[in-house]
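A.B. asks: quick one: sequence and predicted model below, then my questions.
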Amino acid sequence: MVQIYDELPLGSVDFSKLEGDAYKFVSRFGTGRLYPIVNSNDCWSCYEEFRKEDGAFEWPAWYPEMHHVVRGTAHIEYSLPPLHTTVQTADVKPGDVYLMPKGSYFHWEVTSDEPFGHVVTASPSPFTDGDVYQLRYEPPGVE
(Lines give C-alpha, C1' and ligand atoms only; values in the text may rest on other atoms or scores of the structure.)
Protein backbone atom coordinates (compact mmCIF):
# COMPACT_ATOMS: atom_id res chain seq x y z
CA MET A 1 0.00 0.00 0.00
CA VAL A 2 1.27 3.47 -0.88
CA GLN A 3 1.15 6.12 1.84
CA ILE A 4 -0.23 9.46 0.60
CA TYR A 5 0.61 12.44 2.77
CA ASP A 6 -1.33 15.68 2.98
CA GLU A 7 1.98 17.25 3.96
CA LEU A 8 5.57 16.11 4.29
CA PRO A 9 6.49 14.68 7.73
CA LEU A 10 9.02 17.30 8.77
CA GLY A 11 10.68 17.93 12.09
CA SER A 12 13.39 20.04 13.67
CA VAL A 13 15.28 20.23 16.94
CA ASP A 14 14.94 23.18 19.30
CA PHE A 15 18.34 22.86 21.00
CA SER A 16 17.41 25.44 23.65
CA LYS A 17 14.92 22.91 25.12
CA LEU A 18 17.80 20.51 25.76
CA GLU A 19 19.63 22.83 28.15
CA GLY A 20 17.68 21.71 31.21
CA ASP A 21 16.54 18.25 32.18
CA ALA A 22 13.12 18.27 30.47
CA TYR A 23 14.18 15.64 27.93
CA LYS A 24 16.52 13.74 30.24
CA PHE A 25 16.01 10.01 30.61
CA VAL A 26 17.67 7.51 32.88
CA SER A 27 17.62 3.84 31.98
CA ARG A 28 19.54 0.71 32.78
CA PHE A 29 21.66 1.54 29.71
CA GLY A 30 22.69 5.00 30.92
CA THR A 31 21.57 8.62 31.03
CA GLY A 32 20.91 10.89 28.08
CA ARG A 33 18.52 13.34 26.51
CA LEU A 34 16.11 12.45 23.72
CA TYR A 35 14.15 14.91 21.56
CA PRO A 36 11.65 13.44 19.03
CA ILE A 37 11.96 14.84 15.50
CA VAL A 38 9.83 12.78 13.07
CA ASN A 39 7.35 10.25 14.35
CA SER A 40 5.36 8.41 11.68
CA ASN A 41 4.82 4.78 10.76
CA ASP A 42 7.19 5.19 7.80
CA CYS A 43 10.07 6.81 9.65
CA TRP A 44 11.12 7.52 13.20
CA SER A 45 13.84 10.03 14.00
CA CYS A 46 15.14 11.71 17.14
CA TYR A 47 18.05 13.74 18.42
CA GLU A 48 19.95 12.07 21.27
CA GLU A 49 22.49 13.84 23.42
CA PHE A 50 24.94 12.42 25.95
CA ARG A 51 27.16 14.35 28.35
CA LYS A 52 30.53 13.37 29.77
CA GLU A 53 29.36 13.90 33.36
CA ASP A 54 26.54 11.36 32.89
CA GLY A 55 29.02 8.54 32.22
CA ALA A 56 28.97 5.85 29.54
CA PHE A 57 25.89 4.84 27.58
CA GLU A 58 25.20 1.39 26.14
CA TRP A 59 22.55 0.25 23.72
CA PRO A 60 21.52 -3.06 22.14
CA ALA A 61 20.08 -2.47 18.66
CA TRP A 62 16.71 -4.19 18.32
CA TYR A 63 16.30 -2.67 14.84
CA PRO A 64 18.76 -1.03 12.39
CA GLU A 65 19.47 2.67 13.02
CA MET A 66 21.43 5.31 11.11
CA HIS A 67 23.31 7.81 13.31
CA HIS A 68 24.53 11.20 12.05
CA VAL A 69 26.86 12.98 14.50
CA VAL A 70 26.09 16.71 14.74
CA ARG A 71 28.08 17.83 17.79
CA GLY A 72 30.78 16.66 20.19
CA THR A 73 32.97 13.58 19.94
CA ALA A 74 32.73 10.06 21.33
CA HIS A 75 34.67 6.83 21.49
CA ILE A 76 32.51 3.83 20.56
CA GLU A 77 33.08 0.18 21.33
CA TYR A 78 30.74 -2.19 19.53
CA SER A 79 30.21 -5.84 18.71
CA LEU A 80 28.28 -7.28 15.80
CA PRO A 81 25.93 -10.23 15.47
CA PRO A 82 25.61 -13.10 15.37
CA LEU A 83 28.25 -14.10 17.95
CA HIS A 84 29.64 -10.77 19.23
CA THR A 85 33.09 -12.40 19.43
CA THR A 86 35.09 -9.26 18.55
CA VAL A 87 34.86 -5.81 20.10
CA GLN A 88 35.65 -3.09 17.57
CA THR A 89 36.18 0.63 18.17
CA ALA A 90 35.56 3.91 16.39
CA ASP A 91 36.09 7.56 17.27
CA VAL A 92 33.30 9.73 15.86
CA LYS A 93 32.97 13.48 15.31
CA PRO A 94 30.49 15.91 13.71
CA GLY A 95 29.74 14.92 10.12
CA ASP A 96 30.30 11.19 10.70
CA VAL A 97 27.47 8.80 9.85
CA TYR A 98 27.33 5.18 10.98
CA LEU A 99 24.92 2.26 10.97
CA MET A 100 23.92 0.32 14.07
CA PRO A 101 22.92 -3.02 12.53
CA LYS A 102 20.07 -4.98 14.09
CA GLY A 103 21.45 -7.19 16.84
CA SER A 104 24.61 -5.11 17.44
CA TYR A 105 25.68 -3.78 20.83
CA PHE A 106 27.16 -0.29 21.27
CA HIS A 107 28.96 1.45 24.15
CA TRP A 108 29.60 5.22 23.91
CA GLU A 109 32.04 7.32 25.97
CA VAL A 110 31.84 11.08 25.39
CA THR A 111 35.35 12.42 24.77
CA SER A 112 34.57 16.12 24.26
CA ASP A 113 33.70 18.72 26.88
CA GLU A 114 30.62 19.66 24.85
CA PRO A 115 27.75 17.16 24.71
CA PHE A 116 27.86 14.41 22.09
CA GLY A 117 24.76 14.63 19.91
CA HIS A 118 23.52 12.62 16.98
CA VAL A 119 20.38 12.29 14.90
CA VAL A 120 19.00 8.74 14.89
CA THR A 121 16.79 7.54 12.05
CA ALA A 122 14.99 4.25 11.50
CA SER A 123 12.88 3.57 8.42
CA PRO A 124 10.37 2.10 8.47
CA SER A 125 9.55 3.01 12.04
CA PRO A 126 10.30 0.16 14.47
CA PHE A 127 7.24 1.19 16.46
CA THR A 128 3.85 -0.09 15.33
CA ASP A 129 2.11 3.00 16.66
CA GLY A 130 4.25 6.14 16.44
CA ASP A 131 2.09 7.91 19.04
CA VAL A 132 3.14 5.40 21.71
CA TYR A 133 6.76 6.45 21.33
CA GLN A 134 5.88 10.15 21.36
CA LEU A 135 3.84 9.83 24.54
CA ARG A 136 6.51 7.73 26.21
CA TYR A 137 9.32 10.24 25.73
CA GLU A 138 7.58 13.61 25.41
CA PRO A 139 7.84 15.27 28.84
CA PRO A 140 4.59 16.66 30.22
CA GLY A 141 4.15 20.38 29.73
CA VAL A 142 6.89 20.68 27.09
CA GLU A 143 5.82 21.87 23.66
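C.D. replies: The structure has been received and is ready for your questions. This is a predicted model, so every value here is computed, not measured.

A.B. asks: rest of the way, CA atoms for contacts and neighbours
C.D. replies: Fine.

A.B. asks: all helices of the protein, in order?
C.D. replies: For the chain, the helices defined by DSSP state H occupy 130-137.

A.B. asks: low-confidence ranges in it?
C.D. replies: 1-11, 15-22, 128-143 (pLDDT under 70).

A.B. asks: if we go to 80?
C.D. replies: Across the chain, the ranges flagged by pLDDT under 80 are 1-23, 39-41, 127-143.

A.B. asks: where along it do the strands fall?
C.D. replies: For the chain, applying DSSP state E gives strands covering 24-27, 30-39, 44-50, 57-60, 65-71, 74-79, 88-92, 97-100, 105-110, 116-122.

A.B. asks: right, so of those strands, which gets closest to residue 12?
C.D. replies: Taking Cα to Cα, strand 30-39 is the member of these nearest to residue 12, at 5.7 Å.

A.B. asks: give me the angle between that closest one and strand 105-110.
C.D. replies: Per axes from the mean of the first three to the mean of the last three Cα atoms, to 10 degrees, the angle that strand 30-39 makes with strand 105-110 is 110 degrees.

A.B. asks: can you give the strand pairings for strand 30-39, parallel or anti for each?
C.D. replies: When pairing is defined by DSSP bridges, strand 30-39 lines up against strand 24-27 (antiparallel), strand 44-50 (antiparallel).

A.B. asks: could the ones you listed be laid out in CSV, adding mean neighbour count and distance to residue 121?
C.D. replies: Converted to CSV, the strands paired with strand 30-39 look like this (neighbours: other Cα atoms under 10 Å; distance: least, Cα to Cα, whole Å):
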stretch, mean neighbour count, distance to residue 121
strand 24-27, 12, 19
strand 44-50, 22, 4
